[in-house]
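> What would the 3D arrangement of this be:
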Amino acid sequence: MLQEKAVVMDGEKIRKTLTRITHEIIEKNKELDDLVIACIKSGGNALGEIIRKNINDIEGKELPLIYLDTQAYRDDVDKDIVNTTLDITEPVDGKVVILVDDVLNTGRTARAALDALNALGRPRKVELAVLVDRGHRELPIRADFVGKNVPTAKRENVEVRIEKDMANSHVIITERKNIG
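Residues are numbered from 1 along each chain as shown. Next up is the predicted model:
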């Protein structure tokens, strides 16, 4: 059973943080015509959609949005039972791809996302945007855009919940409760 330890961000803080990340992405990537937002399923889906909407609201640009299923590219999954087909028609060759995920932990999901992108083509550049970086890296991967660094113990989990109206959205730290 998981026990809530701390609320790290509420819906309003998440909204403000995603607005800041959006401005950082725009500032770093002046040429938005070459930008593609790639959401890492499923934690990055809502965040990528919000960042895309924010860019459209700020710059008047409707960016391409893709959803990357990294399951087939993970190093901890049996390859024989996973479909490796990516159903994506948006080209990434020569583009700047902003990978979006909710939590960066060991770096293994981000590595799998890079492998999935390489299966689609050869982006000019890939940048990683995450809402929470909790550390515990096992691979040499770092985010270019970070909402909040949240040091955690390995036994703790970071739960991100995003809702359309942001009212019940949150980032919380939970810990497995010992029973007995």
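
> Now do the most centrally placed residue in the chain against residue 108, distance only.
In the chain, the residue lying closest to the centroid (CA atoms, centre = their mean) is residue 101, at 0.9 Å. According to CB to CB, to the nearest Å, residue 101 stands 11 Å off from residue 108. All C-beta atoms are positioned from the backbone trio N, CA, C, and that covers glycine.

> show me what contacts residue 70?
Contacts here follow CB atoms under 8 Å, 6 or more residues apart in numbering; on that basis residue 70 touches 40-41, 109, 112-113, 115-116.

> redo that, cut-off 10 Å
Counting by CB atoms under 10 Å, 6 or more residues apart in numbering, residue 70 touches 40-41, 44, 77, 86, 99, 101, 108-117.

> Please apply the same query to residue 104.
With CB under 10 Å, 6+ apart, residue 104 has these contacts: 110, 128-137, 141-143, 146, 149, 158.

> measure it to residue 60 for me?
In terms of CB to CB, residue 104 sits 30 Å off from residue 60.

> got it, and residue 89?
24 Å.

> And the lengthiest helix in the chain, how far out from the chain middle?
Identified as the longest helix of the chain according to DSSP state H is helix 11-28. Put simply, helix 11-28 sits 13 Å off its chain's centre (CA atoms, centre = their mean, to the nearest Å).

> re the thing from before, wasn't the residue nearest to the centre of the chain part of a helix?
No. Secondary structure of residue 101 (DSSP: H, G, I helix; E, B strand; the rest coil): strand, not part of a helix.

> returning to what we had before: in the longest helix of the chain, what's buried?
Residues of helix 11-28 classed as buried by neighbour count (16 or more other CB atoms under 10 Å): 11, 13-15, 17-18, 21-22, 25-26.

> Could you point out which of those residues is nearest to residue 169?
Within the set of these, residue 11 lies nearest residue 169; the separation is 3.8 Å, counting by CB to CB.

> Identify the residues contacting that closest one.
161-163, 165-171.

> got it, and residue 154?
Contacts of residue 154 (CB under 10 Å, 6+ apart): 105-106, 134-136.

> how about the helices in the protein?
Under DSSP H, the chain gives helices at 11-28, 45-59, 108-120.

> I'd like the ones you listed laid out as CSV, including mean pLDDT and distance to residue 71.
Below are those laid out as CSV (pLDDT from 0 to 100; distance: least, CB to CB, whole Å):
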stretch, mean pLDDT, distance to residue 71
helix 11-28, 98, 25
helix 45-59, 97, 14
helix 108-120, 94, 8
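
> Tell me which of the ones you listed sits nearest to residue 153.
With respect to residue 153, and counting by CB to CB, the nearest of the helices of the chain is helix 108-120 at 18.6 Å.
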